[in-house]
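Undergrad: Let's see this in three dimensions:
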Amino acid sequence: MAYATAMDALGDATRREIMERLRGGPRPVGELAAGLPVSRPAVSQHLRVLKEAGLVTERKDGTRRIYGVEPKAIADLRAYFDSFWEQALAGFRAAAESEGRTT
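TA: Residues are numbered from 1 along each chain as shown. Purely as a prediction, here's the structure:
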């Protein structure tokens, strides 16, 4: 159920925007905070939530902390959403096969 924690973390618009910014590659907090409608300390708090949810990684670079996307967490989310698609396709196939037998 790791996906549930990740989805909860992504329920916040600021955290989704941070994730969007991280799509371009790892970034320090200051760079992530630039242009966001919240303070730099608030961005740090949002990053903490994303990190606890397993969505971002953190590494030290001197006095800075660099954040990046955690690929495994994204893969887990994708697998979760893909399961809905697979279920829908299986239902469609069953309905099509059933219809083919009745005609």
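
Undergrad: who touches stretch 61-77?
TA: 2-3, 6-7, 19, 22-23, 25-30, 32, 47, 50-51, 53-60 (CB atoms under 8 Å, 6 or more residues apart in numbering). Where you see a C-beta, it was placed from the backbone N, CA and C, and this is true even at glycine.

Undergrad: Are any of those buried, and if so which?
TA: 3, 6, 19, 22, 27, 29, 32, 47, 50-51, 53-57 (16 or more other CB atoms under 10 Å).

Undergrad: I'd like to know which of the contacts of stretch 61-77 are part of helices.
TA: Among those, the members falling in helices (DSSP state H) are Ala2, Tyr3, Ala6, Met7, Met19, Leu22, Val29, Gly30, Leu32, Leu47, Leu50, Lys51.

Undergrad: which residue is nearest the centroid of this structure?
TA: Ile74 (5.4 Å; CA atoms, centre = their mean).

Undergrad: and the helix or strand hosting it, how far from the chain's centre?
TA: Applying DSSP states H and E as the criterion places Ile74 in helix 71-102. Distance of helix 71-102 from its chain centroid, counting by CA atoms, centre = their mean, to the nearest Å, is 21 Å.
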